[in-house]
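S.K.: Quick one: sequence and predicted model below, then my questions.
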Amino acid sequence: MKICCIGAGYVGGPTMAMIAQKCPDIEVAVVDLNEARIAAWNSDALPVYEPGLQELVEQRRDKNLFFSTEVKKHIKAADVIFISVGTPTKSYGIGAGQAAELGYVEGCARMIAEVCEGPKIVIEKSTVPVRTAELIKSVFEGYEKGHLFEILSNPEFLAEGTAVSDLENPDRVLIGGDSTETGQKAVQTVVDIYNRWVPRENIITTNVWSSELSKLVANAFLAQRVSSINAISAVCEASGADVDEVANAIGKDSRIGPKFLKSSVGFGGSCFQKDILNLVYLCEHFGLRDVAEYWRQVIKINDYQRKRFTQKVIHSLYNTLQGKRVAVLGFAFKKDTNDTRESAAIYICRDLLEEGADIVVYDPQVPAEEIKALTSDKVQIASSAEEACDGAHAALVLTEWDAFKELDYSAIYQSMVKPAHIFDGRNILDLDALETIGFKAYGIGKA
Ligand SMILES: NC(=O)c1ccc[n+]([C@@H]2O[C@H](COP(=O)([O-])OP(=O)(O)OC[C@H]3O[C@@H](n4cnc5c(N)ncnc54)[C@H](O)[C@@H]3O)[C@@H](O)[C@H]2O)c1
Ligand SMILES: O=c1ccn([C@@H]2O[C@H](COP(=O)(O)OP(=O)(O)O[C@H]3O[C@H](CO)[C@@H](O)[C@H](O)[C@H]3O)[C@@H](O)[C@H]2O)c(=O)[nH]1
């Protein structure tokens, strides 16, 4: 069997590397139009940073895992084609700011229809609005090749920073297909691939629409939990309760559960906001305005949480940041990734720059040019947390990198302007210990 995955991004690369690892008899080609990205996948400096990914790729690369820009050649040769291209929020025209941009998915469908001559299984790996399979089918029918293709939905649930372990040990794999005989045969083919390492009871099969919708709903529920605990963090600050104590107390209830209750500067990443906006747009399209409004609130609270954090920094620094050095520790949207898409740090830095702050950023994985491109050329980049904090009025922890827990905060305090302020936007530091050193220390949801 030959697999081709179109899109060598955060999903396509790691997902296909895992399939290649678990199925050494299957030839897996990951193709992309972006030459630099493919060159990076073929080098020692992969375009995606994930713990364990370099080793995984090196084990299978050029054996049964290939990264290539020869998109058409590999599509033509494959039995199974995954579409794993971006589906960002549309920025123009009808649905701007909400609907998913499906141009890349349509582009893939057209390319598949153009080059394929025999039957193929085409799989939506990208996160798409419900009923996108219909769009793909319609493109195929336009080429009079509709009969050649079975279209399945197999959304990806990996989280960045833990992609390799999520792929190795997924909570579930979801495969949606038509109830026709050929549809069910295609579903079985894909079940058999995952079943090499995922127990059959963890592989769920549904119809295509349920599978497409479940992906959006999973992200909406996860983001909703973060917004819920972040909303409560404001109540904690006003009332003297501690958000980590509240999260622990409610999380012990097995009906609520302990995960995804970490209060923060707000969720980031390429998926949560985009997928909720997509759900909101779908609801409005179906005339379900109240439902749309319900989910929109999850994003509103996230915006509120970021603004609340920035305002706390400004107020604590005597309402002026003009000429004050502010150290930003962490720029990625979460730890253990180099991804900055929709990172809360982008918005916080931009707001602090508006206030006239001199910002110095340190992140262990994000390239300097990227930080500057997302904020301003005026932003300085430090090569260590200590260097960023040297001479600063305030330090802001915006990503929960483990290394930030181990810093020598006494030495850092000595190097900062007094009174030295520290704002822990991830609740990873011991605020009492920092206060003992002499810092004015603030957390999220802490009185
Ligand atoms: N990032 C995640 O953690 C994650 C997790 C689950 C699902 N998803 C979903 O998976 C999809 C991909 O996300 P990503 O983060 O990997 O995106 P990405 O932007 O990192 O990668 C997409 C790649 O597709 C390539 N591409 C676009 N059109 C192409 C074409 N016609 N031919 C060949 N290559 C083409 C682009 O050059 C790009 O390299 C999205 O729908 C996203 O919502 C992402
Ligand atoms: O208790 C929590 C958990 C997460 N976050 C933040 O929420 C964002 C998203 O985190 P996470 O979900 O761990 O990472 P993603 O890579 O965005 O993964 C989400 O989005 C992917 C893309 O759709 C899905 O595949 C995953 O299942 C889903 O978890 C990050 O900014 C986190 O810092 C919190 O603030 N508090």
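M.R.: Nice, thanks for sending it over. Ligands and ions are numbered 1, 2, ... in the order given.
S.K.: Number of residues surrounding Phe286?
M.R.: Using other Cβ atoms under 10 Å, Phe286 has 11 other residues around it. Heads up, the C-betas are built off the backbone N, CA and C, glycines and all.
S.K.: From Val280, how far off is it?
M.R.: Phe286 sits 11 Å away from Val280, going by Cβ to Cβ, to the nearest Å.
S.K.: How about Glu117?
M.R.: From Glu117 across to Val280, the span is 41 Å (Cβ to Cβ).
S.K.: try Pro24
M.R.: On the measure of Cβ to Cβ, Pro24 and Val280 end up 43 Å apart.
S.K.: Show me which of these two is the more surrounded one.
M.R.: Between Pro24 and Val280, counted using other Cβ under 10 Å, Val280 has the larger neighbour count: 24 against 13.
S.K.: Next secondary structure element downstream of the helix or strand where the more buried one lies?
M.R.: Here Val280, judged by DSSP states H and E, is contained in helix 272-285. Toward the C-terminal end, the helix or strand that comes next after helix 272-285 (DSSP H and E) is helix 289-316.
S.K.: any idea how far that following helix is from the chain center?
M.R.: Averaging C-alpha positions (Cα atoms, centre = their mean, to the nearest Å) puts helix 289-316 19 Å from its chain's average.
S.K.: Could you tell me whether Val360 really is in a strand?
M.R.: Yes. When DSSP: H, G, I helix; E, B strand; the rest coil is applied, Val360 is found to be in a strand.
S.K.: For it, give me its contacts.
M.R.: 325-328, 379-382, 387-388, 392 (Cβ atoms under 8 Å, 6 or more residues apart in numbering).
S.K.: For Glu101, grab phi and psi.
M.R.: For Glu101, the backbone dihedrals are phi -80, psi 110 (criterion: degrees, to the nearest 10).
S.K.: hang on, it packs against Ser91?
M.R.: Yes. Here Glu101 reaches Ser91: they are 7.5 Å apart, a contact under Cβ atoms under 8 Å.
S.K.: Give me the more crowded residue out of the two.
M.R.: Neighbours of Glu101 and Ser91, each counted by other Cβ under 10 Å, are more numerous for Glu101; the result is 18 against 9.
S.K.: Excluding residues flanking it in the chain, which one is nearest that one?
M.R.: In this structure, Glu101 finds its nearest non-sequential neighbour in Lys90, 4.5 Å apart by Cβ to Cβ, 6 or more residues apart in numbering.
S.K.: Let me see the confidence value for that neighbour.
M.R.: pLDDT, Lys90: 94.
S.K.: Quick check: Gly266 vs ligand 1, distance?
M.R.: Counting by Cβ to the nearest ligand atom, to the nearest Å, the gap from Gly266 to ligand 1 is 17 Å.
S.K.: isn't that residue right up against Ala344?
M.R.: Yes. Taking Cβ under 8 Å as the definition, Gly266 is a contact partner of Ala344 at 4.4 Å.
S.K.: which residues do the two both contact?
M.R.: Joint contacts of Gly266 and Ala344 (Cβ under 8 Å, 6+ apart) are 306, 309.
S.K.: the more surrounded of those two?
M.R.: Neighbour totals were compared for Gly266 and Ala344, and Gly266 leads with 30 against 26 (other Cβ under 10 Å).
S.K.: Would stretch 78-97 count as contacting ligand 1?
M.R.: Yes. For stretch 78-97, a contact with ligand 1 is found by Cβ under 6 Å from any ligand atom, at 84-87.
S.K.: Mind listing what's buried along that stretch?
M.R.: Neighbour counts using 16 or more other Cβ atoms under 10 Å place 78, 80-87, 89-90, 95 of stretch 78-97 among the buried residues.
S.K.: can you check stretch 420-434 too?
M.R.: 420-429, 434.
S.K.: Quick check: end-to-end length of that stretch?
M.R.: Terminal residues of stretch 420-434 are spaced 10 Å apart (Cα to Cα, to the nearest Å).
S.K.: Ok, stretch 383-391 next?
M.R.: When the termini of stretch 383-391 are compared using Cα to Cα, they are 15 Å apart.
S.K.: picking that back up, which of the contacts of Val360 are buried?
M.R.: Here, 16+ other Cβ under 10 Å leaves 325-328, 379-382, 388, 392 buried among the contacts of Val360.
S.K.: want to throw these into JSON lines with pLDDT and secondary structure?
M.R.: Compiled in JSON lines, the buried ones among the contacts of Val360 are given as follows (pLDDT from 0 to 100; DSSP: H, G, I helix; E, B strand; the rest coil):
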{"residue": "Arg325", "pLDDT": "98", "secondary structure": "strand"}
{"residue": "Val326", "pLDDT": "98", "secondary structure": "strand"}
{"residue": "Ala327", "pLDDT": "98", "secondary structure": "strand"}
{"residue": "Val328", "pLDDT": "98", "secondary structure": "strand"}
{"residue": "Val379", "pLDDT": "98", "secondary structure": "coil"}
{"residue": "Gln380", "pLDDT": "98", "secondary structure": "strand"}
{"residue": "Ile381", "pLDDT": "98", "secondary structure": "strand"}
{"residue": "Ala382", "pLDDT": "98", "secondary structure": "coil"}
{"residue": "Ala388", "pLDDT": "98", "secondary structure": "helix"}
{"residue": "Ala392", "pLDDT": "98", "secondary structure": "coil"}
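S.K.: end to end, how far does stretch 94-106 reach?
M.R.: End-to-end for stretch 94-106, by Cα to Cα: 17 Å.
S.K.: Stretch 399-417 too?
M.R.: Terminal residues of stretch 399-417 are spaced 23 Å apart (Cα to Cα).
S.K.: now do stretch 135-152
M.R.: Start-to-end span of stretch 135-152 (Cα to Cα) is 13 Å.
S.K.: Close to ligand 2: what parts of the stretch 201-350 of the chain are there?
M.R.: Residues of the stretch 201-350 of the chain lying close to ligand 2 (Cβ under 6 Å from any ligand atom) are 219, 222, 226, 260-262, 264, 267-269, 271-272, 333-334.
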